[in-house]
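In: generate a structure from the sequence data that follows.
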Amino acid sequence: MSYQQQNKEGIIGVVWTEDKNMNSFYNTMNACQKVADKSLCQTLYLVRAAEVGNAKNMSNRIYRKIFKGRLKNCHIQPNLKSVYFLATYHSLVNAALANELMIEGKIISLKELEEIICESQILNSCSLLRDLSVVDSTDNQEQQSDSDLSDLDEVKDFVVNLIKTECFMERKNIIENTLNKFINIEQSKIYTIIEELEGEQKIKNITPTSKLDRKLVCFIPI
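Out: Alright, predicted model coming up:
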């Protein structure tokens, strides 16, 4: 589907697929590639909680090219609460269209339902709609910042445990494993995390003269 935000130029495209079959995912990514190549949408959102494969899959390579290499495009992982919000709203709309929605003994039309939803701003609590910029965010910026820091700490712990388990790893493999685990993280942040861990002497680069991605990293026991 696609839509245009009020008072804003540009078409926003949305693709939502949870099919775990990688052939189906490849076809979806191939279609997204055509949309991106033709610039049919200024921004393209992929909504998907299911996995996106790994670097060996062609579908994953296309996925990374579209949703990791282009700043305007974005992969959103919906949570269950967002799905409940949308499913409930969908049921209310269907009931209103069938003249079966009643509040305090009065049948509510679709227009009235929309007015109630807008006035109550209940959908502003749906994180998926906020991520799609359909509704305004009600989150406090400071709380969001704290959440981001917490997420990075989780990534940092993952990288440490990964290197600790493997003993020795190339930076390239560390980055690939981390991207497969945390699909929404930017690659530049993984570079920063690795550098921080080296500064904290939790890991060590033992081949400093090698190319950046080929550098071998080891875990430093405490």
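In: list the contacts of the residue nearest the centre of the chain.
Out: For the chain, Ile76 is the residue whose C-alpha lies nearest the centre (Cα atoms, centre = their mean; 3.0 Å). Each residue near Ile76 by Cβ atoms under 8 Å, 6 or more residues apart in numbering is listed here: Tyr45, Leu46, Val47, Arg48, Leu128, Asp131, Leu132. To be clear about C-beta, it is placed using only N, CA and C from the backbone, and glycine gets the same treatment.
In: if we go to 6 Å?
Out: Going by Cβ atoms under 6 Å, 6 or more residues apart in numbering, Ile76 touches Tyr45, Val47, Asp131.
In: same question, Gly13
Out: For Gly13, the set of contacting residues under the criterion of Cβ under 6 Å, 6+ apart consists of Ser2, Cys41, Leu44.
In: let's see 7 Å
Out: If a contact means Cβ atoms under 7 Å, 6 or more residues apart in numbering, then Gly13 has Ser2, Val35, Cys41, Leu44, Tyr45 as its contacts.
In: circling back to that earlier point, show me the contacts of Ile76 that map onto helices.
Out: Secondary structure assignment (DSSP state H) places Asp131 from the contacts of Ile76 within helices.
In: could the contacts of Ile76 go into CSV alongside neighbour count?
Out: Conversion of the contacts of Ile76 to CSV gives the following (neighbours: other Cβ atoms under 10 Å):
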residue, neighbour count
Tyr45, 22
Val47, 18
Asp131, 17
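In: what would the contacts of Ile76 look like in CSV with distance to Lys215 and pLDDT?
Out: Below are the contacts of Ile76 laid out as CSV (distance: Cβ to Cβ, whole Å; pLDDT from 0 to 100):
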residue, distance to Lys215, pLDDT
Tyr45, 35, 91
Val47, 36, 93
Asp131, 35, 83
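In: which of the contacts of Gly13 sit farthest apart?
Out: Taking every pair in the contacts of Gly13 and measuring Cβ to Cβ, the maximum separation is 11.5 Å, between Val35 and Tyr45.
In: and the next helix or strand past the lowest-mean-pLDDT helix or strand in the chain?
Out: For the chain, counting by mean pLDDT, DSSP states H and E, helix 141-166 ranks last in confidence among helices and strands (a mean of 72). Scanning the chain past helix 141-166 towards its C-terminal end, the next helix or strand to appear is strand 168-170 (assignment: DSSP states H and E).
In: list the strands paired with that following strand, with their directions.
Out: As defined by DSSP bridges, the strand partners of strand 168-170 come to strand 216-219 (antiparallel).
In: rounded mean pLDDT for the partner strand, please.
Out: Averaging the model's pLDDT scores along strand 216-219 yields 91.
In: could you shift the numbering so residue one becomes 28, and keep it that way?
Out: Happy to do that; since the first residue is 28 now, the last one works out to strand 243-246.
In: run through who's touching that strand.
Out: Counting contacts by Cβ under 7 Å, 6+ apart, the residues outside strand 243-246 that touch it are 190-191, 194-198, 201, 230-234, 237.
In: mind putting those in TSV, neighbour count included?
Out: Output for the contacts of strand 243-246, formatted as TSV (neighbours: other Cβ under 10 Å):
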residue	neighbour count
Ile190	23
Lys191	15
Cys194	9
Phe195	12
Met196	21
Glu197	17
Arg198	20
Ile201	24
Ile230	22
Lys231	14
Asn232	14
Ile233	11
Thr234	14
Ser237	13
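In: sweet, I'm off.
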